[in-house]
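Visitor: A predicted structure for the sequence below; I have some questions about it.
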Amino acid sequence: MLLLATMFWASSFPLMKSLALEQQKLLPGAGTWFFTSLGVMYRFGAAGVLLALFLRRDLLRISRLELEQGLGLAVFGVGGILFQMDGLAYTAASTSAFLTQCYVVFIPVWVALVHRHRPAPKVIVSIVLVMIGLAILAGLDFNSFKLGRGTAETLIASLLFTGQILWLERPRYAANHPLRFSFVMFAGMALLCVPGVWLTAPSVEACWQAYSSPATWGFLATLVIICTLGGYLFMNRWQRDVTATEAGLIYCVEPVLTSLLALFLPAWISIWANINYANETLTARLLIGGCLVTAANVLLQKR
């Protein structure tokens, strides 16, 4: 189920990149932070409304712990996705997807510090394989390493996603209902974006002009239904059945799927939306790095 969630999330990278390109045509003078804040507000606000329509009276049964868990996930989630989406405007979709997975190191380090024990040897080997794969895929040159804006923002996003994964695993929330705290999470993320939209919007009219074309509505609908309701509901329900470290390694399949989609999906989207978004190419770097990440997950799941 978590692998299926990564498939849903993988499609969000080329979709968000395409949405940004379309919005730049509609509002050339607007900044990337405005598009990012507005997109997250609409995306998670719409997901929250749809989930509320499904739950209806069951929303009245939200407990204090479900409210607490949902709000915590919202804080980590909205920070992570804002930095991720803005960073995506300055880097390739596949590179962004791979750098996001740096939480595969942050999580076991945190767990080891809290519980004062080393991860299992198999987990350590998996982490090493993933980090080598990430370095190859990102094209890191350690002799002249320099963080650009896109890379730096994506790494900050990864750190915040680490908090989200660890918050979801907390034992005190084990009995919470996934749909109810997911509603709190979606609504909280949308509300937390309101100040960002207000501070960055060129005008009030820009809030609807940014989504005034059929293509933007198509991108938004896909992001809401598949990437948000599909991906996050699967995560919130099924991550409780594995450890946070194992979940982090499983989620590293996401950039591999993103890279595969980026080989052909941008051209299809460009034809439909009339934007200039070229396919990425299958390089040796992409192939080797992706194989290392995949090998780490195979090793982790091997009993």
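Guide: Arrived safely, thanks for sending.
Visitor: right, and Ile165 touches Val104 too?
Guide: No. Ile165 is beyond contact range of Val104, at 10.1 Å (criterion: Cβ atoms under 8 Å). (C-beta placed from N, C-alpha, C; glycine too.)
Visitor: ok, Ile4 - contacts?
Guide: Slight slip there: residue 4 is Leu, not Ile. With contact set as Cβ atoms under 8 Å, 6 or more residues apart in numbering, Leu4 has these partners: Phe234.
Visitor: if I look at the residue lying closest to Val224 once chain neighbours are set aside, how far off is Glu22?
Guide: Closest residue to Val224 apart from its sequence neighbours, by Cβ to Cβ, 6 or more residues apart in numbering: Ala46 at 4.7 Å. From Ala46 across to Glu22, the span is 18 Å (Cβ to Cβ, to the nearest Å).
Visitor: Also Glu153?
Guide: Using Cβ to Cβ, Glu153 is found at 21 Å from Glu22.
Visitor: For Ile132, grab phi and psi.
Guide: phi -60, psi -40 (degrees, to the nearest 10).
Visitor: average pLDDT for stretch 122-133?
Guide: Stretch 122-133 shows an average pLDDT of 83 in the prediction.
Visitor: which one of Ala46 and Glu22 has more residues nearby?
Guide: Each of Ala46 and Glu22 has its neighbours counted (other Cβ atoms under 10 Å); Glu22 has more, 23 against 19.
Visitor: returning to what we had before: between Ile165 and Val104, who's got more neighbours?
Guide: For Ile165 and Val104, the more surrounded residue by other Cβ under 10 Å is Val104, and the numbers stand at 27 against 21.
Visitor: mind checking which helix or strand the more buried one is in?
Guide: According to DSSP states H and E, Val104 maps onto helix 103-115.
Visitor: Which neighbours do Ile165 and Val104 have in common?
Guide: Applying Cβ under 8 Å, 6+ apart, one finds that Ile165 and Val104 are jointly contacted by 248, 251.
Visitor: Okay, now the unreliable bits of the stretch 201-303 of the chain?
Guide: Where the stretch 201-303 of the chain drops to pLDDT under 70, the residues are 301, 303.
Visitor: Recalculate using a threshold of 80.
Guide: Applying pLDDT under 80 to the stretch 201-303 of the chain flags the ranges 245, 249, 252, 255-256, 286, 290, 293-294, 297-298, 300-303.
Visitor: Going by residue numbers, what spans are helices in it?
Guide: 206-209, 214-222, 231-238, 244-250, 253-261, 265-273, 284-301 (DSSP state H, counting those that start in this stretch).
Visitor: out of these, nearest to Tyr42?
Guide: Tyr42 lies closest to helix 214-222 among the helices of the stretch 201-303 of the chain, at 6.1 Å (Cβ to Cβ).
Visitor: Which positions within the closest one qualify as buried?
Guide: 215-216, 218-220, 222 (16 or more other Cβ atoms under 10 Å).
Visitor: for that helix, the distance to its chain's centre please.
Guide: Remark: helix 214-222 is offset 18 Å from the chain centroid, using Cα atoms, centre = their mean, to the nearest Å.
Visitor: Now do it: everything it contacts.
Guide: Everything outside helix 214-222 that qualifies as a contact, by Cβ under 8 Å, 6+ apart, is 11, 15-16, 18-19, 22-23, 26, 39, 42-43, 46, 210-211, 272-275.
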